[in-house]
Structures are given as structure tokens and as C-alpha cells.
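Colleague: predicted coordinates and the sequence they were generated for:
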Amino acid sequence: MSELKTFYDVIIVGAGVGGGALANRLADSGRSILMIERGPRLVREDDNWSVDAVFHKKKYATKEEWRDRQGQLFNPSTYYYVGGNSKFFGAATLRFRREDFEDLQHEAGVAPAWPVSYDEFEPYYAIAERLMGTHGTAGLDPTEPPRSGPMPHPAIGHEPEIAFFEKKLKARGLNPFPLPIAIDYHQGGSCIRCRTCDGFACKLGAKGDAEVRLVNPALARARGKIELITETFVHRLLTDPGGKRVTGVELTHRGERQVVEADLFVSSAGAINSAALLLRSANDAHKRGLGNNMSDQLGRNYMAHNNTAMMAISPFKKNRVVFQKSMAINDFYLANSEKPYPLGNVQGLGKLQGGMLTASAAWAPEWLMSAFADRSVDWWLMSEDLPDPDNRVTVDPDGRIRLSYTANNLKSHNELVKVWSRIMRSLGYPLIITNKMDIKVSMHQCGTVRFGKVPESSVLDPHCKVWDIDNLYVVDASFLPSSTAVNPSLTIVAQAQRTAEHILARWGETVTATPEASPTAA
């Protein structure tokens, strides 16, 4: 029999960035909270840092298959563990720009304004940076929005090979800056600055993923009031007959299908799976899925960025860098000297290795790609994709997720690739190899349960509560009305702080500053 209680004050579905950040803020409330994670805890082992295990055998990625718009099956790059996709993220923790919160004109259309301003959001960014343990230096990025204080930790610094690019790029009038990054690299920290961070799990627990920075500290502080169960699948949410309140979750735990009830419910399963969960929960009061009566926006407006990995190769220069992900460039983020519209963000990519490259480039032998990797500097180029209601998550009759997505705003992204390729060649790296990410790369998934000012065009209100359900919130990247062109993790944590503060006020509790989280071993 299961050890689960039949009732909790709060049930959170998902123990990733959103769910972890929300639980962390609610940990001192004394309320009984159940966190439900679909996957297990990820074991810290040598394979965490194995190119063969991670990139060739895909040991840690889900074996689940989704369908694309045409019905073709594919394996997504999605990870079901405590900590979610953040177990394998590159730990970049950038704030969105002030302009991202407003209508922003792109070559292909307008990224819509948010229901809150950057100034309203800024205090929560400050909390989020402390929670994640961000390293960086404020004031060097010309697009950086105003901030109420410095970064929690100083920038990690560049290795000589990256310092070379910093100097050369500045000489060309550009403004490279230290990439804000959440790794435990300071006095007393556990980070050894290795080359297996971006795209790998950290077997030392030195990366600021959601398990280490959010979930574990929440469990430690809550003193038994937060219960985490793993390897548990939530089938659907149940409501009262009128559909105004969620009453329980139907789940399978330890092989037993059961219903657990609560007073308040949060879906933090990720933009794709939260949308799927609400769609699977359709009933007589919500025939098109929970929260979809007023707008028909549930599952729509899926975004995941236009992303390209770039290798800039010099036949005569070996790149001996170990931790390459320390620099970013936003000179092309907004309208710029190249084009009168935004192109996107450029940041260092975790150092590519030969085996990583042959995992996605079967045309090239291992020895050749290893030779390229030894002589390359590697970049991640990211441009905004725009919300499109026809880019959407649905659930097929057999229960399988269908992700219908056609990339847009590609002219801007292609321009960014051209501009950066030209700059790399001018710095003595004449051979450029690029790999544009496709639908399988869903690490930056967002937008499927967007928040807004009015229920006619959004699923959630500005606090991430479903408009027409009194006790259901969605706290993950689903809420984003636009994808922007920087990594979303910090913004998810910040929004989770806003939502948690709203929930605390709803309970009539005094809202105080969040204690700074400290990593706790799994």
C-alpha cells in the first residue's frame, strides 16, 4: 500500500525549476505540501560525464515518443528527474530585457507585451538570482535592464582563449560581458570548472539545477511538511461538478492508481506536459481542457527559441579551454547596426568534444570531428520565435502528445548566424560548422498556458492562476507570452516567487523576504 495521505494543503505536480522554486518559497508556511515527480532522482555516477552515455546512448533522456504535426514519431530531448530539464541545462541565468516585457517589433512580427512590467518583476529577479547562486558582473551589457543590486557572486572569469575573444570583440566595438551563470564556483564551492557542465548532469552537485538549489533546500527547511514522491505519473486533475475548483489528482504511485485531494493545486510539469495534463483533464464543465473555456488558448503558442550551435574552427590554433561558457554578447539583441530589428543573443557553448559532434553528425568520422573540436571555439546562437496559435500541444486519442511546431522569425536568426560567422572569420577562424536545432530540442519549451490581463486571450491571470478555476495555478515556462532570446530558467524562478507571494497573501500570511537557499546533498 502507498504511504500517501489522502489530503494535503497543496499539491505540486513536477519538481523542476517552477515547482521547486514555488515549494522553496512556501517551505516556511507550515502547510502540508505534496510534490509529485514523474521521474526518479538522478544518480550521481561516472556516466553523468560520459559523452557516450549522454550523447550517443542517450541514457538519461526520456524514451517516450511524441508525434510531430505530420504524425511522425520522435524522441524529445526531455528529462524526467527531480530537477527536471535543469539537471542537463547550461546554468545560464539571464534576466529578460526591459523591452521583452513590452511589445517588441521583430522582422517577422511583434512579440506581445506582458501583463506585468519589468519594474514590477525586478525584485523577484533579485530573489531568483540569490536562490540560483548566480555569478556575474552587472553593468557591462548595454541591453541590461536596471537592477536593484549586484549579482550574488562575482563573475567566474575567462580562460585565456576566451579572454582573447573578449579583447578582439571589444576592439571591434562590441560589448561582450560575463555570462550570468549558476555554478558553485566561489570560496568553499564544489565546482571544479570542468568541460562536462553544459548538456551533462553534474555528478558533484555543483551546478545550480533545481534539485540542488531549490528542491533539496525546501525539503530541509520544511521539516517534514513537504513530501516528495518520485516515479509517479499524474493522469488528470479532477474538479467539482461545476468546474470551479480542482478537488484531486488521479495518479499512479508504486503501481497503485489512486486519487489524492488538496485545497490548492499547481501544475509545474513543464510547458508541454502541463498543457497535456490540463487537456487530459477535460470534463463536462471543461470540455476542451481545464482553463480553456474562455480563450481556447490552452496548448497553443508553443515556443522553444531558434537555436544554432556553431563551431568556428582555425586549422592552426588549438583551443585548450576547459570551461568555455563564460561570455555572452547582446549587441544584436535589439535593433542594431546590422539590422533595424532584433537578431538575438550569442553565448559561449560548453566545450564541444568529438564524440558529442558525431552523435548529431553521422556524416563525419570521429577522428575528423575530434580534430575540429580541438581547434574550435563554440557558440550558442539564440533568436526569439514568436507565439503562433497553430504551434501547439495536443493529446492524441491514444494519449500520446502531439507537438505541432513550425519555426518562425527565421530570417532574423539566419542573419544572426551570418553576422557571427563573418566576425569569427575576421578573427582567424575560417571554417564554420553550424547545426540548427529541430523540434526534438525542447529544453527551452514555453508559452502553452500563457498568462495575460484578460481571460479572452490567455489561460492564466497575472499571478498564474487559471482564470476560471479558483484553486489551480500553473508555474513553469508555460506562462511565458513571449520566448525572448535568452534562457528562461531565471524568469521561471522569479515568476514562481511572485505566485508564491500571492498564495501566501491569499492564506493571510505576512509576506517576507525569501531566505537564501543553500545546496543540500541528495
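Modeller: Done, it's in.

Colleague: and residue 142, what does it touch?
Modeller: 175, 330, 331 (C-beta atoms under 8 Å, 6 or more residues apart in numbering). C-beta coordinates here come from the backbone N, C-alpha and C atoms, glycine included.

Colleague: can I get the residues you listed in a markdown table with neighbour count, pLDDT and distance to residue 448?
Modeller: Listed next are the contacts of residue 142 as a markdown table, based on neighbours: other C-beta atoms under 10 Å; pLDDT from 0 to 100; distance: C-beta to C-beta, whole Å:
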| residue | neighbour count | pLDDT | distance to residue 448 |
| --- | --- | --- | --- |
| 175 | 15 | 98 | 34 |
| 330 | 24 | 98 | 27 |
| 331 | 22 | 98 | 31 |
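
Colleague: specify which member of those residues is nearest to residue 385.
Modeller: Among the contacts of residue 142, residue 330 lies closest to residue 385 (C-beta to C-beta), at 17.7 Å.

Colleague: make sure that closest one is actually in contact with residue 169.
Modeller: No: if you go by C-beta atoms under 8 Å, residue 330 and residue 169 don't touch, sitting 11.9 Å apart.

Colleague: residue 322 - nearest residue in space that isn't next to it in sequence?
Modeller: residue 195 (5.1 Å; C-beta to C-beta, 6 or more residues apart in numbering).

Colleague: for the one you found, helix, strand, or coil?
Modeller: Per DSSP: H, G, I helix; E, B strand; the rest coil, the secondary structure class of residue 195 is coil.

Colleague: could I get the pLDDT score of it?
Modeller: With respect to pLDDT, residue 195 has a value of 93.

Colleague: what's around it, how many residues?
Modeller: Other residues within reach of residue 195 by the criterion other C-beta atoms under 10 Å amount to 16.

Colleague: same check, this time on the one 3 residues further on
Modeller: Other residues near residue 198 come to 23 when the count uses other C-beta under 10 Å.

Colleague: who touches it in this structure?
Modeller: Taking C-beta under 8 Å, 6+ apart, we find residue 198 in contact with 89, 90, 91, 325, 349, 350.

Colleague: could I get the contacting residues of the nearest residue to the third one once chain neighbours are set aside?
Modeller: Excluding the flanking residues, the one nearest residue 91 by C-beta to C-beta, 6+ apart is residue 182, at 4.6 Å. Residue 182 sits next to 91, 92, 93, 132, 133, 134, 135, 207, 208, 213 when contact means C-beta under 8 Å, 6+ apart.

Colleague: ok, which pair from the residues you listed is furthest apart?
Modeller: 92 and 213 (14.1 Å).

Colleague: looking at these two, which is more packed in?
Modeller: Neighbours per residue (other C-beta under 10 Å) separate residue 92 from residue 213, with residue 213 holding more: 30 against 24.

Colleague: including secondary structure and distance to residue 385, could the contacts of residue 182 go into TSV?
Modeller: As requested, the contacts of residue 182 are arranged in TSV below (DSSP: H, G, I helix; E, B strand; the rest coil; distance: C-beta to C-beta, whole Å):
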residue	secondary structure	distance to residue 385
91	coil	22
92	strand	18
93	coil	21
132	helix	25
133	coil	29
134	coil	25
135	strand	28
207	strand	26
208	coil	26
213	helix	28
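
Colleague: just the residues you listed now: which is nearest residue 392?
Modeller: Of all those, residue 392 sits closest to residue 92, with 27.1 Å by C-beta to C-beta.

Colleague: name the element residue 130 belongs to?
Modeller: Secondary structure assigned from DSSP states H and E places residue 130 in helix 118-132.

Colleague: in the next helix or strand along the chain from that helix, what's buried?
Modeller: On the C-terminal side of helix 118-132, the closest following helix or strand by DSSP H and E is helix 160-171. Neighbour counts over helix 160-171 (16 or more other C-beta atoms under 10 Å) mark 161, 162, 164, 165, 166, 169 as buried.

Colleague: hang on, the earlier thing: from the contacts of residue 182, which is closest to residue 425?
Modeller: For the contacts of residue 182, the minimum distance to residue 425 (C-beta to C-beta) is 25.7 Å, reached by residue 92.

Colleague: ok, and the closest non-adjacent residue to the closest one?
Modeller: Counting by C-beta to C-beta, 6+ apart, residue 487 is the residue found nearest to residue 92 once chain neighbours are left out, at 4.4 Å.

Colleague: quick check: the residue nearest to residue 91 vs residue 489, distance?
Modeller: 8 Å (C-beta to C-beta, to the nearest Å).

Colleague: so what's in contact with those two at the same time?
Modeller: Common neighbours of residue 182 and residue 489, counting by C-beta under 8 Å, 6+ apart, are 92, 93, 132.

Colleague: surely the last one meets residue 217?
Modeller: In other words, residue 132. No: using C-beta under 8 Å, residue 132 is not in contact with residue 217; the gap is 11.4 Å.

Colleague: so the two - more neighbours on which side?
Modeller: For residue 132 versus residue 217, neighbours defined as other C-beta under 10 Å are more numerous around residue 132 (29 against 21).

Colleague: which residues touch the more buried one?
Modeller: 93, 182, 208, 213, 489, 490, 493.

Colleague: tell me the two of those residues that are most distant?
Modeller: Maximum pairwise distance among these (C-beta to C-beta): 11.4 Å, between 213 and 490.

Colleague: ok, the nearest residue to residue 62 once chain neighbours are set aside - how many residues close by?
Modeller: Distance criterion C-beta to C-beta, 6+ apart; nearest residue to residue 62, sequence neighbours excluded, is residue 78 at 5.0 Å. Using other C-beta under 10 Å, residue 78 has 21 neighbouring residues.

Colleague: from now on call the first residue 218
Modeller: Sure, I'll start numbering at 218, so the last one becomes residue 295.

Colleague: hang on, residue 295 packs against residue 302?
Modeller: Yes: assessed by C-beta under 8 Å, residue 295 is found in contact with residue 302 at 6.6 Å.

Colleague: between those two, which contacts overlap?
Modeller: Common neighbours of residue 295 and residue 302 (criterion: C-beta under 8 Å, 6+ apart): residue 487.

Colleague: looking at the contacts of residue 349, which is nearest residue 266?
Modeller: Nearest to residue 266 among the contacts of residue 349: residue 425, at 17.3 Å, using C-beta to C-beta.

Colleague: contacting residues for that closest one?
Modeller: Neighbouring residues of residue 425 by C-beta under 8 Å, 6+ apart: 308, 310, 349, 350, 351, 399, 400, 401.

Colleague: quick one: low-confidence ranges for this structure?
Modeller: Along the chain, the parts satisfying pLDDT under 70 run over 218-219, 572, 574-581, 729-739.

Colleague: repeat that for 90
Modeller: 218-220, 532-535, 569-591, 726-739 (pLDDT under 90).

Colleague: which residue is nearest the middle of it?
Modeller: Centroid-nearest residue in the chain, with C-alpha atoms, centre = their mean: residue 706, separated by 4.2 Å.

Colleague: wait, isn't that one in contact with residue 233?
Modeller: No: the criterion here is C-beta under 8 Å, and residue 706 misses it with residue 233 at 9.5 Å.

Colleague: can you give me the helices for the stretch 568-717 of the chain?
Modeller: 571-575, 583-591, 627-643, 706-723 (DSSP state H, counting those that start in this stretch).

Colleague: list the contacts of the residue of the chain positioned farthest from its centre.
Modeller: Distance from the centre of the chain peaks at residue 533, with 37.0 Å (C-alpha atoms, centre = their mean). Contact analysis of residue 533 by C-beta under 8 Å, 6+ apart lists residue 592.

Colleague: can you count the residues close to the nearest residue to residue 700 once chain neighbours are set aside?
Modeller: Nearest residue to residue 700, sequence neighbours excluded (C-beta to C-beta, 6+ apart): residue 520, at 3.9 Å. Look at residue 520: counted by other C-beta under 10 Å, it has 30 neighbours.

Colleague: please apply the same query to residue 526.
Modeller: By other C-beta under 10 Å, 19 other residues sit near residue 526.
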